[in-house]
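Novice: this is a predicted model, with the sequence first.
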Amino acid sequence: MTKSGYILSLDQGTTSCRAILFDREGAIIHTAQQEFRQIFPEPGWVEHDADEIWQVQLQVMKQVAAQVPAGSIAAIGITNQRETTVVWDRVTGKPLHNAIVWQCRRTSALCHTLKEQGLEPMIKQKTGLVLDPYFSGTKLKWLLDTFPHIREKADKGEALFGTIDSWLIWNLTEGKVHATDVSNASRTMLLNIHTLQWDEDILVKFGIPAAMLPEVRPSSGLYGHTALLDPQIPVPIAGAAGDQQAALFGQGCFREGMAKNTYGTGCFILNNTGDKPVLSKNGLLTTVAWQIGDRVDYALEGSVFIAGAVIQWLRDGLGLIGDAAETEALARSVDDTEGVYFVPAFAGLGTPYWEPDARGMITGLTRASGKAHLVRAALEAIAYQSRDVLEVMQQETGVRLSELRVDGGAVRNEFLMQFQADMMSVSVVRPKVTESTALGAAFLAGLAVGFWSGLSELEQLKGLDRVFQPEQGEAYSEAKYAGWRRALSYQLSRREI
Ligand SMILES: Nc1ncnc2c1ncn2[C@@H]1O[C@H](COP(=O)(O)OP(=O)(O)O)[C@@H](O)[C@H]1O
Ligand SMILES: O=P(O)(O)OC[C@H](O)CO
């Protein structure tokens, strides 16, 4: 048990790997971050090179660790983009295919078939998820069904499956530990969220050998040690959680009814529902928030696939901006989008529509529309999509949220934060440390090694940066939101919304 030193968080996101050192006050001491390649082999498909992810993560980890004396890191916590599916060879440790990323739509047809076979109600009841290509289960099935050599190795126990937490734990640990935390496992569509075990019925239906699955463990607890920082001083890996659940923890949403929204590549609103899973009737997901000891907390989640990624697309796809930070001034340079709406359904639509085949669309363009209108419409779309989720969440829980805690890369954009407060009519609360994801993983690891004493100590560490209060009248907000719903209805024209 130690109280001195630091906790090192490894935050493996969709677009970059980060390593962040936290002190006992929960303050950031050092950070290193590096982007890695996004691979788009076909329209709608998204892959990552799992080896590259590991190398980049290792590099930033070493960079940050070199800033403090050897032996001062009390523990490592891992947090990661969820659902992204890696299959690797148990003997060589090499990936057998590129990682299939959570955004990838390649299993859309497979999901339709499984729905036609009537599997969705059973899957929903057992896993809390909807039958969508988002989750790992159909991605893993696709790999096994498409590549005979992967199936053959899996049948012989030579191919291992994991989400990115498992992949990092395997690579980091002495003795190659093959494990996952229960919050990540709950995103695979293979875990029974009531028993917290891999579900045999689903494995049989999907044709997935149980031997390739990692051991499911609590989110706070010892996974193993890494000797990669210093061979003389192995550091315990003492916590792991999916990035959205880690952010909920890092935001201090420990009690039922507390919610946060993370604005990264996508937007993910999670609402803590306490120790019982609540099954949604409105397209929300039921997910494991974390497990600490025997106590398991659950959350209702709304997942928006494209948020900050639309800004990246304006930068990399269109070359319209040089840097994400430019979008704030551009959005403020016009009073309104003047009727332009941007539906960034690049990867289909998530909560509450679950339309894997929807695609992006810009409506309301006139000859007077310019770059600033388009950029503003893209930022506004992030806020509208979050409101779509909040509406169903409030409907589901019967509770009107009075404040929304926010974090993630895009909360730097104060135009977006103010617009969000106006669109939702809630106080948007931004903490001092907006790296809530990394902080949550640090908290989980720190609790396991006695670096922090318990939840009440963690609650004291919260620092507030700014609260955005609604400023626009309801008439303005409702008119703007109605325009968004109209734009969306063109995309979902086959369905009533
Ligand atoms: N000032 C900004 N305005 C709008 N979006 C931003 C801004 N700064 C960063 N972003 C967006 O935030 C995202 C990065 O946030 P981050 O939390 O690091 O994401 P992830 O963990 O998903 O990789 C990018 O998609 C980027 O476009
Ligand atoms: O990489 P992020 O932070 O956008 O998170 C991605 C989510 O975990 C996908 O479910």
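Specialist: Thanks, I have the structure now. Ligands and ions are numbered 1, 2, ... in the order given.

Novice: which residues of the stretch 1-150 of the chain lie near ligand 2?
Specialist: 13-14, 81-83, 102 (Cβ under 6 Å from any ligand atom). All C-beta atoms are positioned from the backbone trio N, CA, C, and that covers glycine.

Novice: the domain parsing of this protein - what is it?
Specialist: 6-243, 252-431+463-497 (automatic domain parsing).

Novice: turn these into JSON lines, columns for mean neighbour count.
Specialist: Converted to JSON lines, those look like this (neighbours: other Cβ atoms under 10 Å):
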{"stretch": "domain 6-243", "mean neighbour count": "20"}
{"stretch": "domain 252-431+463-497", "mean neighbour count": "19"}
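
Novice: hang on, the earlier thing: what's the most distant pair in the residues of the stretch 1-150 of the chain next to ligand 2?
Specialist: 13 and 83 (13.0 Å; Cβ to Cβ).

Novice: what residues does this structure have near ligand 1?
Specialist: Residues of the chain lying near ligand 1 by Cβ under 6 Å from any ligand atom: 13-16, 264-265, 308-309, 311-312, 324-325, 327-328, 408-410, 412-413.

Novice: in helices only, show me those residues.
Specialist: Among the residues of the chain next to ligand 1, the members falling in helices (DSSP state H) are 308-309, 311-312, 327-328.

Novice: look up how far residue 112 lies from the closest residue to ligand 1 within the stretch 101-250 of the chain.
Specialist: Using Cβ to the nearest ligand atom, the single residue of the stretch 101-250 of the chain nearest to ligand 1 is residue 243, 6.6 Å away. Relative to residue 112, residue 243 is positioned 29 Å away (Cβ to Cβ, to the nearest Å).

Novice: please apply the same query to residue 144.
Specialist: 19 Å.

Novice: again, but for residue 492
Specialist: 17 Å.

Novice: contacts only, for the residue of the stretch 101-250 of the chain closest to ligand 1.
Specialist: Residue 243 makes contacts with 11, 13, 79-82, 262, 264, 437, as judged by Cβ atoms under 8 Å, 6 or more residues apart in numbering.

Novice: again, only using 10 Å
Specialist: Residue 243 makes contact with 11-14, 78-82, 164-165, 183-184, 250, 262, 264-265, 268, 408, 436-438, 440-441, according to Cβ atoms under 10 Å, 6 or more residues apart in numbering.

Novice: and what of residue 256?
Specialist: Here residue 256 is in contact with 271-276, 278, 297-299, 397, 399 (criterion: Cβ under 10 Å, 6+ apart).

Novice: tell me where the stretch 251-400 of the chain has helices.
Specialist: Ranges of helices within the stretch 251-400 of the chain are 308-312, 326-332, 371-397, based on DSSP state H, counting those that start in this stretch.

Novice: adding distance to residue 174 and mean pLDDT, write the ones you listed out as TSV.
Specialist: Shown next, in TSV, are the helices of the stretch 251-400 of the chain (distance: least, Cβ to Cβ, whole Å; pLDDT from 0 to 100):
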stretch	distance to residue 174	mean pLDDT
helix 308-312	36	95
helix 326-332	45	97
helix 371-397	42	95
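
Novice: in CSV, list these along with distance to residue 287.
Specialist: Converted to CSV, the helices of the stretch 251-400 of the chain look like this (distance: least, Cβ to Cβ, whole Å):
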stretch, distance to residue 287
helix 308-312, 21
helix 326-332, 30
helix 371-397, 13
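
Novice: of the ones you listed, which is nearest residue 237?
Specialist: With Cβ to Cβ as the criterion, residue 237 lies closest to helix 308-312 of the helices of the stretch 251-400 of the chain, at 28.2 Å.

Novice: excluding its backbone neighbours, what's nearest residue 34?
Specialist: residue 56 (5.1 Å; Cβ to Cβ, 6 or more residues apart in numbering).

Novice: pull up the gap between that neighbour and ligand 1, please.
Specialist: 12 Å (Cβ to the nearest ligand atom, to the nearest Å).

Novice: tell me the secondary structure for that residue?
Specialist: helix (DSSP: H, G, I helix; E, B strand; the rest coil).

Novice: equivalent analysis for residue 225, please.
Specialist: Strictly by three-state DSSP, residue 225 counts as strand.

Novice: contacting residues for it?
Specialist: 75-76, 172-175, 177, 233-238.

Novice: what's the answer for residue 323, then?
Specialist: 311, 315.

Novice: over to residue 455: give its phi and psi.
Specialist: phi -60, psi -30 (degrees, to the nearest 10).

Novice: in this structure it contacts residue 293, no?
Specialist: No - using Cβ atoms under 10 Å, residue 455 is not in contact with residue 293; the gap is 11.8 Å.

Novice: which neighbours do the two share?
Specialist: In contact with both residue 455 and residue 293: residue 447, using Cβ under 10 Å, 6+ apart.

Novice: circling back: correct me, but the residue nearest to residue 34 touches residue 15?
Specialist: No - look at residue 56 against residue 15 with Cβ under 10 Å: they stay out of range, at 11.1 Å.

Novice: which residues do these two both contact?
Specialist: With Cβ under 10 Å, 6+ apart, residue 56 and residue 15 have common neighbours 33, 35-37.

Novice: let's see which of those residues end up in strands.
Specialist: 33, 35 (DSSP state E).

Novice: make TSV from the shared contacts of residue 56 and residue 15 and add pLDDT to it.
Specialist: Listed next are the shared contacts of residue 56 and residue 15 as TSV, based on pLDDT from 0 to 100:
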residue	pLDDT
33	97
35	94
36	96
37	94
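
Novice: ok, the shared contacts of residue 56 and residue 15 vs residue 7, which is closest?
Specialist: Among these, and counting by Cβ to Cβ, the member closest to residue 7 is residue 33, at 17.4 Å.

Novice: show me what the closest one is bridged to.
Specialist: Applying DSSP bridges to residue 33 gives these bridge partners: residue 18.

Novice: what about it, distance to residue 263?
Specialist: From residue 33 to residue 263 the distance is 17 Å (Cβ to Cβ).

Novice: quick one on the thing from earlier: where among the domains of the chain is average confidence lowest?
Specialist: Among those, domain 252-431+463-497 carries the lowest mean pLDDT, a mean of 93.

Novice: tell me the SS of residue 141?
Specialist: With three-state DSSP as the criterion, residue 141 reads helix.

Novice: identify the residues contacting it.
Specialist: Contacts of residue 141 by Cβ under 10 Å, 6+ apart are 85, 107, 110, 114, 189-190, 205-208.

Novice: is ligand 2 contacted by stretch 315-334?
Specialist: No - counting by Cβ under 6 Å from any ligand atom, ligand 2 is not contacted by stretch 315-334; separation bottoms out at 13.9 Å.

Novice: what does stretch 235-246 give?
Specialist: Yes - contact of stretch 235-246 with ligand 2 (Cβ under 6 Å from any ligand atom) involves 242-244.

Novice: where does residue 337 fall, phi/psi-wise?
Specialist: According to degrees, to the nearest 10, residue 337 has phi -80, psi -10.

Novice: then the one 10 residues further on?
Specialist: Main-chain torsions, residue 347, degrees, to the nearest 10: phi -120, psi 40.
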